[in-house]
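J.: Whatever this is, show me its structure:
(chains A, B, C and D)
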There are 2 protein chains.
Amino acid sequence: MFHNTPAACDHRSVNASAPRPAARRRRTDAKRNEDALLEAAASVFAASGVDAPVREVAAAAGVGVATLYRHFPTRSDLVVAVYRHQVDACADAGPALLASEASPFAAILRWVHLYVDFLGTKHGLARVWEGDPDGFTALHRLIVDRLVPVLTDMLAEARASAEVVAPITAYQLIRAVGDLVAFNPPDPQYDVRRIVTLLVSGLRQQQPHP
Amino acid sequence: MFHNTPAACDHRSVNASAPRPAARRRRTDAKRNEDALLEAAASVFAASGVDAPVREVAAAAGVGVATLYRHFPTRSDLVVAVYRHQVDACADAGPALLASEASPFAAILRWVHLYVDFLGTKHGLARVWEGDPDGFTALHRLIVDRLVPVLTDMLAEARASAEVVAPITAYQLIRAVGDLVAFNPPDPQYDVRRIVTLLVSGLRQQQPHP
DNA sequence: CTAAGATACGGAACACGGTTCCGCTAGACA
DNA sequence: TGTCTAGCGGAACCGTGTTCCGTATCTTAG
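T.: Model prediction:
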């Protein structure tokens, strides 16, 4: 699955002067618990959405809440750990689509829908996105770090070919798409994909001023 | 203001056969408290956002929480009561813009921005929107009832003049705009108005299929 | 193999939100 | 002015995320 995510890398004994006494190995039960938590979280999130209570995840992993919190200091860290590899896959798809699609714009459209599918399969992923006090949840940061550069390249290429003219940044677009998908359980009245397509197709329009 | 909302209409003595004994008048303190609550809620919401705790509103009104709950059975009912007249104003602006603006599309653009301003001035209004279990918060319903018809007309006119070609319904558009504005404290990195404009300008584009 | 001690654990406790309950107050009517 | 009940206050309840702390367990030196 992908749980080799040390979550917080081991900064013990980074003391410059002291001849550190061969730092201890990480306890095996710690590793085991972390894995169990990630697996439990993945399945609980899949079943009950990302909003599932932490206690439920801890219980499913057969572990106390404190243990969960030691490995993942905050709810959103857990979410990020669970979905990191999917975000990576999405990031990797960018250049691939640029190569395979007929035009940069077509590539962008498909890529954005990939992103929508990613967000869409986990109801309420956005709740994690929003809850940021000063603008940075772990998920927010992950997405900005991994996805924004990818989309930035795609947009640049689409601009070079004059397919895209609206002055929108990759960050703005990604965030907008996130907001759109955010709280939308499948609903016949409201197809998110259609709306996202609408948004993306706006990129080809010169923007009116107000 | 608009508080003649009996919250739950008086079903006392709806007994078909009995000659009901001239039902009591509503207690004056009840009316007074309802007004105080609405006033307090308006100012608290303005100061702390719509997410302000109910207790805070009750305290500001100088009443107990139970009183608040008797008048407004749920949080979102309170929110709706506070903002109802603003929604009305927004609805009224639709036909006016259609008449005053250069084109139906221009009218739509301006109207949508009016709506954005309405939502935007109250951080987190969307939280009320989303919290709907089966699809209907009070606010959701209010907006659908009042605003969707207005935008529907505007879209029809814009389609008649071929300015709008994308097959999007008023409901979809309003909901999308709501989602976009939803969780966005003013942020230099991310100007909601720009994104909304992007979305709206997509209406002029033939939609690509995926 | 054993013992010391760091590391990690479990679950109770805390803070904080919406909502409900219930004994009592005070307004309406006679 | 007295009765009766609509309406009130605020404590209590439930369900969140998060923290605390006494204890168990793993690692490692000897």
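J.: which of the residues in stretch A:42-55 are buried?
T.: A:42, A:44, A:45, A:50, A:52, A:54 (16 or more other Cβ atoms under 10 Å in any protein chain shown). C-betas here are computed from N, CA, C, even on glycine.
J.: I'd like the distance between the third one and residue A:188.
T.: In this structure, residue A:45 lies at 25 Å from residue A:188, with Cβ to Cβ, to the nearest Å as the measure.
J.: go on, the fifth one?
T.: Residue A:52 sits 26 Å away from residue A:188, going by Cβ to Cβ.
J.: Check the first one too.
T.: When distance is defined by Cβ to Cβ, residue A:42 is 29 Å away from residue A:188.
J.: Report the helix of chain A that spans the greatest number of residues.
T.: When chain A is parsed with DSSP state H, its longest helix is helix A:75-100.
J.: helices and strands around that one, which ones?
T.: helix A:28-48, helix A:54-60, helix A:104-120, helix A:125-130, helix A:138-160 (3 or more Cβ pairs under 8 Å, 6 or more residues apart in numbering or on different chains; DSSP states H and E).
J.: The same query, at a cut-off of 7 Å, please.
T.: Here helix A:75-100 touches helix A:28-48, helix A:104-120, helix A:138-160, going by 3 or more Cβ pairs under 7 Å, 6 or more residues apart in numbering or on different chains; DSSP states H and E.
J.: Looking at those, which one is packed in the most?
T.: helix A:104-120 (a mean of 20; mean count of other Cβ atoms under 10 Å in any protein chain shown).
J.: Send over that one as PDB, restricted to the C-alpha atoms.
T.: The C-alpha trace of helix A:104-120 is given here as PDB (Å, rounded to 0.1, in the frame of the first residue of the first chain):
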ATOM      1  CA  PRO A 104      -2.100  21.000 -23.800                       C
ATOM      2  CA  PHE A 105      -5.700  22.100 -23.100                       C
ATOM      3  CA  ALA A 106      -7.000  18.600 -23.500                       C
ATOM      4  CA  ALA A 107      -4.300  17.400 -21.200                       C
ATOM      5  CA  ILE A 108      -5.200  19.900 -18.500                       C
ATOM      6  CA  LEU A 109      -8.900  19.000 -18.800                       C
ATOM      7  CA  ARG A 110      -8.100  15.300 -18.300                       C
ATOM      8  CA  TRP A 111      -5.700  15.900 -15.600                       C
ATOM      9  CA  VAL A 112      -8.100  18.100 -13.600                       C
ATOM     10  CA  HIS A 113     -10.600  15.300 -13.900                       C
ATOM     11  CA  LEU A 114      -8.100  12.900 -12.500                       C
ATOM     12  CA  TYR A 115      -7.800  15.200  -9.600                       C
ATOM     13  CA  VAL A 116     -11.500  15.500  -9.200                       C
ATOM     14  CA  ASP A 117     -11.800  11.700  -9.100                       C
ATOM     15  CA  PHE A 118      -9.200  11.500  -6.500                       C
ATOM     16  CA  LEU A 119     -10.900  14.000  -4.300                       C
ATOM     17  CA  GLY A 120     -14.300  12.800  -5.100                       C
END
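J.: returning to what we had before: figure out which of the helices and strands packed on helix A:75-100 is closest to residue B:27.
T.: For residue B:27, the closest of these is helix A:28-48, at 45.0 Å, according to Cβ to Cβ.
J.: now the angle from that closest one to helix A:75-100?
T.: 70 degrees (axes from the mean of the first three to the mean of the last three Cα atoms, to 10 degrees).
J.: What residues sit buried inside the longest helix of chain A?
T.: Residues A:75-84, A:87, A:90-91, A:93-94, A:97-98 are the ones in helix A:75-100 that count as buried (16+ other Cβ under 10 Å).
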